[in-house]
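Visitor: Give me a model of this one.
(2 chains)
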Number of protein chains: 2
Amino acid sequence: MSLLVIGTLAFDSVETPYDKRDDALGGSATFFAMSARYFSGVRLVGVVGDDFPQSQLADFRQVGIDTEGVEVADGKSFRWAGRYEADWNTRHTLSTDLNVLEHFDPKIPASYRDTEFVFLANTAPAIQAKALDQLPEAKFVVADTMNLWIDIARDDLLALLPRIDGLVLNDEEARMLTGETHLLTAAKKVLELGPKFCVLKKGEHGAFLISNTTRFALPAYPVDRVVDPTGAGDSFAGGFMGYLAAAQNTHPQTLRRAMVYGTVTASHCVESFSIDALAEVGRSQIESRFNELHELIRL
Amino acid sequence: MSLLVIGTLAFDSVETPYDKRDDALGGSATFFAMSARYFSGVRLVGVVGDDFPQSQLADFRQVGIDTEGVEVADGKSFRWAGRYEADWNTRHTLSTDLNVLEHFDPKIPASYRDTEFVFLANTAPAIQAKALDQLPEAKFVVADTMNLWIDIARDDLLALLPRIDGLVLNDEEARMLTGETHLLTAAKKVLELGPKFCVLKKGEHGAFLISNTTRFALPAYPVDRVVDPTGAGDSFAGGFMGYLAAAQNTHPQTLRRAMVYGTVTASHCVESFSIDALAEVGRSQIESRFNELHELIRL
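Guide: Numbering: from 1, shown residues only, chains lettered A, B, ... in the order given. As a prediction, this is how the structure comes out:
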């Protein structure tokens, strides 16, 4: 079934305690699409500047990512720079240059209008809503958000939540959105705000799915070495949504398997800078980690 | 099969952001025994002062905990006072009065010498070793430790590790013991120090079992409300060891189920101060949470 993501395409400069990489391909839509494409075709909506290499768009198309929805605007692409502490949980944003993103007004191509599975990657809730307005056939919509929007665009976010099926957010964001420190209570409160389910991403501690009828807790895949956690959440969402779109259903049992696939694509993501690992890994390696993770949690 | 614990019996004064309790029954052996007794008889080894109520020892016996190994010494019982921050992960020790614990020299009663399952709860590694010396029939020995001993009694601890089957410790202790920040690497290094398996306790994030042949990751049971996390780790160990002693084997499959039971007894423990919940909950509630947790992780 058709799957669309709207989000950012960026150049990231990342410092870790062990290494660094400048101006590497990043952005929420990039990580999402490079993960989802293992399972499903992906329709990509975003904006880049005239500095964005055409060859990269061709590379996307090569792996099943439709780039018709990528607008090339005059100016520079979005750039982000950050630094991680040794515990990987503390991230410092060093700089954010919105550039072409500043005036981004999403236009969904006519050929995308029949999309049924939609992921609204992290961006301003007003932009997420604008994209959703143009997707009349959307049957299953999941959104991501971040502390910035919870802080400065809370009303827009609250208006969006009843329109979506699922919200993915990290533990800190869940606490911030609901004002609850206890994570389970926070997750329940998210459901009261509109979404039918909520996925709490807890980084190295795994992920937790909650709806009014089901709960599923999953540890992270224990990677031997983390290189760069940037994009892990979007890669999780990509594996999750890609699997659902391919399965063509969203039964609780399918959501559970989708959580495992999302955890697997996130585990590959963090093992390299940028999309290096996601570009190289084959479907058989995805399946192999799926089986390992299944074995890890099997009672 | 016979199960023995050597550890502390104490009076705890605990402050949380929401409530407080003074001079309540605590101690590693107490929490362990009150959890293990759901599954197996427990032989208790420790020391109390002459202020320790005989009625409490009678209560222990009432629920299948043998108190012959509890020495009543002249002086006061061990006392600990602590305060938790709102995130539950930060604990401040306000005072520690060793009292009778200061000169504790464990003596295993003759009737306990045939014990096969042994838990060396958190205490000085030299005392743990002394107890183990007196248990010639011990077949399956698991130990706990803490940052204090890793710091001031590292050699004693390193001498103990090759003598035990399993070590349970929290993530911070694993990092401190091995010098590795990456948790999986730290766990692997623990295995190199002697134990056949290691259980990493991660509090609200669950627990992780690793041996050279198996790995099992389990989330915490999502309790609705935490009242006091004191004793959670010892309650985990109690459910874990109690189930193994009852099952009379330590196959990987049994270890996995034991992890779930340990997680369940820990979940009950944190829902009250002291052993209040552990004293009240029945086996059917334990089984009910076992099933809930199984459902929570079932793929």
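
Visitor: Residues of the stretch 1-150 of chain A that sit close to chain B?
Guide: A:86, A:87 (C-beta under 8 Å from any C-beta of the partner chain). Heads up, the C-betas are built off the backbone N, CA and C, glycines and all.

Visitor: Strands of the stretch 1-150 of chain A, start to end?
Guide: Applying DSSP state E, counting those that start in this stretch to the stretch 1-150 of chain A gives strands spanning A:3-6, A:10-15, A:20-26, A:42-48, A:65-72, A:78-84, A:91-97, A:117-120, A:140-144.

Visitor: State the mean pLDDT of the last one.
Guide: When pLDDT is averaged over strand A:140-144, the result is 98.

Visitor: Kindly export it (C-alpha atoms) in CSV.
Guide: The C-alpha coordinates for strand A:140-144 follow below in CSV (Å, rounded to 0.1, in the frame of the first residue of the first chain):
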residue,chain,number,x,y,z
PHE,A,140,-3.4,5.6,8.7
VAL,A,141,-1.5,8.7,9.8
VAL,A,142,1.3,8.8,12.3
ALA,A,143,3.2,11.9,13.4
ASP,A,144,6.4,12.7,15.2
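
Visitor: thinking again about what came up before, return the member of the strands of the stretch 1-150 of chain A having the minimum mean pLDDT.
Guide: Note on the strands of the stretch 1-150 of chain A: lowest mean pLDDT is at strand A:91-97, with a mean of 93.

Visitor: Name the residues that touch that one?
Guide: A:13, A:15, A:76, A:78, A:79, A:80, A:81, A:82, A:83, A:84, A:85, A:229 (C-beta atoms under 8 Å, 6 or more residues apart in numbering or on different chains).

Visitor: Go ahead and measure how far it is from the middle of the chain.
Guide: 19 Å (C-alpha atoms, centre = their mean, to the nearest Å).

Visitor: Just give me the neighbour total for the closest residue to chain B within the stretch 51-200 of chain A.
Guide: The nearest approach of the stretch 51-200 of chain A to chain B comes at residue A:184, 4.6 Å away (C-beta to the nearest C-beta). Using other C-beta atoms under 10 Å in any protein chain shown, the number of residues around residue A:184 comes to 19.

Visitor: picking that back up, pick out the most distant pair among the contacts of strand A:91-97.
Guide: A:76 and A:85 (28.7 Å; C-beta to C-beta).

Visitor: hmm, back to that, wait, the residue of the stretch 51-200 of chain A closest to chain B sits on residue B:225?
Guide: No - here residue A:184 lies out of contact with residue B:225, judged by C-beta atoms under 8 Å, at a distance of 9.1 Å.

Visitor: Let me see the mean pLDDT of stretch A:250-257.
Guide: Stretch A:250-257 comes out at a mean pLDDT of 96.

Visitor: Hmm, I typed the wrong one, I wanted stretch A:28-40.
Guide: Per-residue scores along stretch A:28-40 average to 98.

Visitor: ok so, going back, give me the buried positions along the host helix or strand of the residue of the stretch 51-200 of chain A closest to chain B.
Guide: In the assignment (DSSP states H and E), residue A:184 maps to helix A:183-192. Of the residues in helix A:183-192, A:183, A:184, A:185, A:186, A:187, A:188, A:189, A:190, A:191 count as buried by neighbour count, 16 or more other C-beta atoms under 10 Å in any protein chain shown.

Visitor: Going along the chain, name the helices of the stretch 51-200 of chain A.
Guide: A:54-62, A:125-133, A:147-152, A:154-160, A:171-178, A:183-192 (DSSP state H, counting those that start in this stretch).

Visitor: Distance of residue A:57 relative to residue B:284?
Guide: Taking C-beta to C-beta, to the nearest Å as the measure, residue A:57 falls 61 Å from residue B:284.

Visitor: Now residue A:188: closest residue in space that isn't a chain neighbour?
Guide: residue A:210 (7.0 Å; C-beta to C-beta, 6 or more residues apart in numbering or on different chains).

Visitor: Just the element for that neighbour, please.
Guide: Residue A:210 belongs to strand A:207-211, assigned by DSSP H and E.

Visitor: Walk me through which strands that strand pairs with, and which way each runs.
Guide: strand A:197-201 (antiparallel), strand A:215-218 (antiparallel) (DSSP bridges).

Visitor: Direction-wise, compare it with helix A:171-178 and give the angle.
Guide: Comparing the axes of strand A:207-211 and helix A:171-178 via axes from the mean of the first three to the mean of the last three C-alpha atoms, to 10 degrees yields an angle of 30 degrees.

Visitor: what's the residue nearest the centre of chain A in contact with, if anything?
Guide: Nearest residue to the geometric centre of chain A (C-alpha atoms, centre = their mean): residue A:234, 2.3 Å. For residue A:234, the contacting residues are A:7, A:28, A:29, A:30, A:31, A:32, A:35, A:121, A:122, A:144, by C-beta under 8 Å, 6+ apart.

Visitor: any idea how far it is from residue B:120?
Guide: Distance, residue A:234 to residue B:120, using C-beta to C-beta: 45 Å.
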